[in-house]
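Asker: give me a model of this one.
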Amino acid sequence: TKKMKKLILTSTLIFAIVFMSSAQSNLEAGLRFGGGNDNIAIDGTIPLAAKPRLHPSIYLNDGGVTIGTYFDWMFPFPDVEGLSVYPGVGPEFFFYNEVNLGVAGNFGIEYAFDFPLTVGFDWRPGILLTTGGDFHSANWGLTARYRIK
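Answerer: Take a look at the predicted model:
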């Protein structure tokens, strides 16, 4: 699976370049631990403007790799500093025995501590477009990300 190794290397390099090229605050990098087939992911956030952010994840699964990139809109939770909720949506690419394309929602809540750590919980239900619209809903996860200043 030489092709898979090249894909993982290319994805990792793109992920790193995007992180290093942004000089804005709230750039975050960390891990996501979840249910379903998505056991662990490299997870990050990249601010795009005042509210939307890019939220890429590279899932490392037993049977392959999934790359998801979600656009999240952040909303502070009233009267609780550091707590935010977000809805989002974005494409997912599944690299197993074959390549599949899907679209998923991204719904979560997260807390940014006074020190550079953000923890959260999210749910990413999706539809596989290339397999006739198969729905998957088991993609939930706990995240811990380091805020890069």
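Asker: show me the strands in the protein, by range?
Answerer: Listed in chain order, the strands of the chain (DSSP state E) span residues 27-34, 40-47, 52-60, 65-73, 75-76, 83-95, 99-112, 117-123, 126-128, 134-136, 140-148.
Asker: want to throw those strands into a markdown table with mean pLDDT and mean neighbour count?
Answerer: (Each C-beta comes from the backbone N, C-alpha and C, glycine too.) Conversion of the strands of the chain to a markdown table gives the following (pLDDT from 0 to 100; neighbours: other Cβ atoms under 10 Å):
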| stretch | mean pLDDT | mean neighbour count |
| --- | --- | --- |
| strand 27-34 | 93 | 20 |
| strand 40-47 | 93 | 21 |
| strand 52-60 | 92 | 20 |
| strand 65-73 | 94 | 20 |
| strand 75-76 | 92 | 11 |
| strand 83-95 | 95 | 18 |
| strand 99-112 | 96 | 18 |
| strand 117-123 | 96 | 18 |
| strand 126-128 | 94 | 18 |
| strand 134-136 | 90 | 13 |
| strand 140-148 | 95 | 18 |
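Asker: the residue nearest the centre of the chain pairs with what?
Answerer: In the chain, the residue lying closest to the centroid (Cα atoms, centre = their mean) is Ser57, at 3.4 Å. Here Ser57 sits in beta bridges with Asp43, Gly68, as judged by DSSP bridges.
Asker: what residues does it make contact with?
Answerer: The contact partners of Ser57, by Cβ atoms under 8 Å, 6 or more residues apart in numbering, come to 32, 41-44, 66-70.
Asker: and Thr130, by the same measure?
Answerer: Thr130 makes contacts with 99-102, as judged by Cβ under 8 Å, 6+ apart.
Asker: over to Thr118?
Answerer: Residues near Thr118 by Cβ under 8 Å, 6+ apart: 28, 30, 110-112, 143-145, 147.
Asker: look up how far Gly34 lies from Gly26.
Answerer: Careful, residue 26 is Asn and not Gly. 22 Å (Cβ to Cβ, to the nearest Å).
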